[in-house]
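Peer 1: Sequence plus predicted model, see below.
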Amino acid sequence: MNPSSPSLTWNALGLNPAELAVVADWPGPADAGWAWGGATGRGVRVCVVDSGIEGDHPDVGPVQGSYAVTGPAGGELEVVPVAAGDACGHGTACAGVIRALAPECELYSVRVLGERYSSTGDMFIAGLRWAVAQKFDVVNLSLSTTRQKFAEALHAVADEAYFAGTVLVAAAHNTPVESFPWRFASVVSVGSHAARDPGLVLYNPTPPVEFFAYGTDVDVAWPGGQRSRITGNSFAAPHVAGYCALARSKHPGLTPFQVKSLLYLMSDNVKGSS
Amino acid sequence: MNDNGNLVAAAAAFLGEAEHEHKELLASVVTVARALFGAAAASVFLLDDQAGELVFEAVSGAGEDHLVGERFPASRGIAGWVLGAQEPLIVSDLSTNPVFARDLAETTGYVPQSLMAAPLQRRDATIGVMEVLDPVPSAVSPLGAAELLTLFAGQAAIALGVIQRNRTAYRMLAPDDGEPSELAQMARLLNELGADRRAAGVNLLDSLHRLLSSAR
């Protein structure tokens, strides 16, 4: 958006279209070279909302900030700085995927999952709300809740992120059930494909899951400086988050809408009619 | 035995037979999985949510003669991790894996070097875990180990889900005190109704079922 344009509220009545001129550096045919060629993630802040990140893992660190949602059950929750660490390994695995694709991005962690994935929808919402307020460029959400009562609050945070410029990348549930927030249009939702190719991203012409990425038999960073092989949409999502980080590193002005459009155009199954 | 008792006995016998057949199916799944993966053992665990434990329901290979019915904490080990994450995990070297519960493995009499585990899921609930110990690469299928394991897990989950529901139904029909339960009495009443009223009753139960399911 041209910064000299007047702020829009609910309509464009009384505005000349020329006053809404948007200067975009989007090329005619976008290709991978333009999208993220040469990008390393430098300058992009990526937050992993999960079980924490093992900061000294050689395939993951450094971690620029580690936080956790804490507070009494049923009471006021807050997000506080904590020592880098991972309650169960899930967040470290996701962070390692992002680090491999965007080696120079800044990684931040918000722990909302405890040991054995203990968590509540309230903790999830509190952590996500905090991450959006920090205006991270990309937030990876390899978790979801099936509880309908949390859907409205998550939807509101997802929409807020969309307009505030934070790209939320959310893993679809591993079984065909409704869960949130991947189900919302304002996030980039990701499921797994079966190819063992971290570079293969597919657009799904029949959403709600919009993209498919490498999530089957993925070699991931694992607690204790180890590695392990794991399968699930949780590990497809950080592949897409990594590409989002690269795109935003190369083109800092891209909005979440434009990042999603670029992912669509870069998807291996999207071809021009010619 | 009165009519009510006969009905309960017949239903209990049916459920018992269904459980037996589905346990055979589970045993078959782990046997085929073990063979296809060339593994030392394959097993299926049912989650006992109330006790917070995983129970061996079917075992093929190492431990098959004594492990069925054995329990261990659902919060520990690779199986516990998979239960929580609801995602399959393959660990090729357990000796350095901090999640692996070596002490629990030792109690089973067999400590593997590598392991694959997958959650058993029915709708949005994880009802158990399937494990394959010390698999070797398979040349039988073009699918990767994780995909193949997931297929077996899907099959096992169906059988395990039926076993779980049968046991719940059995407990509701024939509680420990031997008296027919409310459910059994309702089944008898339904059975005695004329066709029209029975259809209306079935509709009512269907509505109740949907109401209770949506409230979970």
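Peer 2: Structure's in. What do you need?
Peer 1: Beyond the longest strand seen in chain A, next helix or strand please.
Peer 2: Longest strand in chain A by number of residues (criterion: DSSP state E): strand A:63-70. The helix or strand immediately downstream of strand A:63-70 is strand A:78-81, counting by DSSP states H and E.
Peer 1: Can I get that next one in PDB, CA atoms only?
Peer 2: Provided in PDB are the C-alpha atoms of strand A:78-81 (Å, rounded to 0.1, in the frame of the first residue of the first chain):
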ATOM      1  CA  GLU A  78       1.000 -14.700  31.100                       C
ATOM      2  CA  VAL A  79       3.900 -15.200  28.800                       C
ATOM      3  CA  VAL A  80       7.300 -15.000  30.500                       C
ATOM      4  CA  PRO A  81      10.900 -15.500  29.400                       C
END
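Peer 1: Show residues contacting that strand.
Peer 2: A:G65, A:S66, A:Y67, A:A68, A:V69, A:T70, A:G71, A:V110, A:A126, A:G127, A:W130 (C-beta atoms under 8 Å, 6 or more residues apart in numbering or on different chains). For every residue, glycine as well, the C-beta is placed using N, CA and C.
Peer 1: Quick check: PyMOL command selecting the buried ones in those residues.
Peer 2: In PyMOL, this line selects whichever of those come out buried by 16 or more other C-beta atoms under 10 Å in any protein chain shown:
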select buried, chain A and resi 65+66+67+68+69+110+126+127+130
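Peer 1: With distance to chain B and pLDDT added, can I get the contacts of strand A:78-81 in CSV?
Peer 2: Output for these, formatted as CSV (distance: C-beta to the nearest C-beta, whole Å; pLDDT from 0 to 100):
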residue, distance to chain B, pLDDT
A:G65, 24, 97
A:S66, 19, 97
A:Y67, 21, 97
A:A68, 18, 96
A:V69, 18, 94
A:T70, 20, 91
A:G71, 22, 83
A:V110, 18, 97
A:A126, 20, 95
A:G127, 18, 96
A:W130, 23, 98
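Peer 1: give me phi/psi at A:V139?
Peer 2: Main-chain dihedrals, A:V139, degrees, to the nearest 10: phi -120, psi 130.
Peer 1: what separates it from chain B, distance-wise?
Peer 2: Per C-beta to the nearest C-beta, to the nearest Å, A:V139 is found 20 Å from chain B.
Peer 1: and for the longest strand of chain A, what are the contacting residues?
Peer 2: Strand A:63-70 is contacted from outside by A:45, A:52-53, A:55, A:77-85, A:95, A:106-112, A:123, A:126-127, A:130, using C-beta under 8 Å, 6+ apart.
Peer 1: Narrow the residues you listed to just the buried residues.
Peer 2: Judged by 16+ other C-beta under 10 Å, buried ones among those: A:45, A:52-53, A:55, A:77, A:79, A:82, A:84-85, A:95, A:106-112, A:123, A:126-127, A:130.
Peer 1: What is the most widely separated pair among the contacts of strand A:78-81?
Peer 2: Maximum pairwise distance in the contacts of strand A:78-81, criterion C-beta to C-beta, is 19.2 Å, between A:G65 and A:G71.
Peer 1: near chain A, which residues of chain B?
Peer 2: Residues of chain B found near chain A (C-beta under 8 Å from any C-beta of the partner chain) are B:75, B:80-81, B:83-92, B:96-99, B:118-119, B:121, B:123-124, B:144-147, B:150.
Peer 1: Tell me if the lowest-mean-pLDDT helix or strand in chain A is near chain B.
Peer 2: Lowest by mean pLDDT, DSSP states H and E among the helices and strands of chain A is strand A:226-230, with a mean of 90. Yes. Strand A:226-230 is in contact with chain B by C-beta under 8 Å from any C-beta, via A:Q226, A:S228, A:R229, A:I230.
Peer 1: Neighbour count for the residues you listed - can I get that in CSV?
Peer 2: As requested, the residues of strand A:226-230 next to chain B are exported to CSV (neighbours: other C-beta atoms under 10 Å in any protein chain shown):
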residue, neighbour count
A:Q226, 19
A:S228, 22
A:R229, 20
A:I230, 26
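Peer 1: B:V29: what's it in contact with?
Peer 2: Residues in contact with B:V29 (C-beta under 8 Å, 6+ apart) are B:V44, B:A58, B:F152, B:Q155, B:A156, B:A159.
Peer 1: Of these, which is the most crowded?
Peer 2: In terms of neighbours by other C-beta atoms under 10 Å in any protein chain shown, the contacts of B:V29 top out with B:V44 at 30 neighbours.
Peer 1: in the helix or strand encompassing it, what's buried?
Peer 2: Assigned by DSSP H and E, B:V44 falls within strand B:41-48. Buried residues in strand B:41-48, defined by neighbour count with 16+ other C-beta under 10 Å: B:A41, B:A42, B:S43, B:V44, B:F45, B:L46, B:L47.
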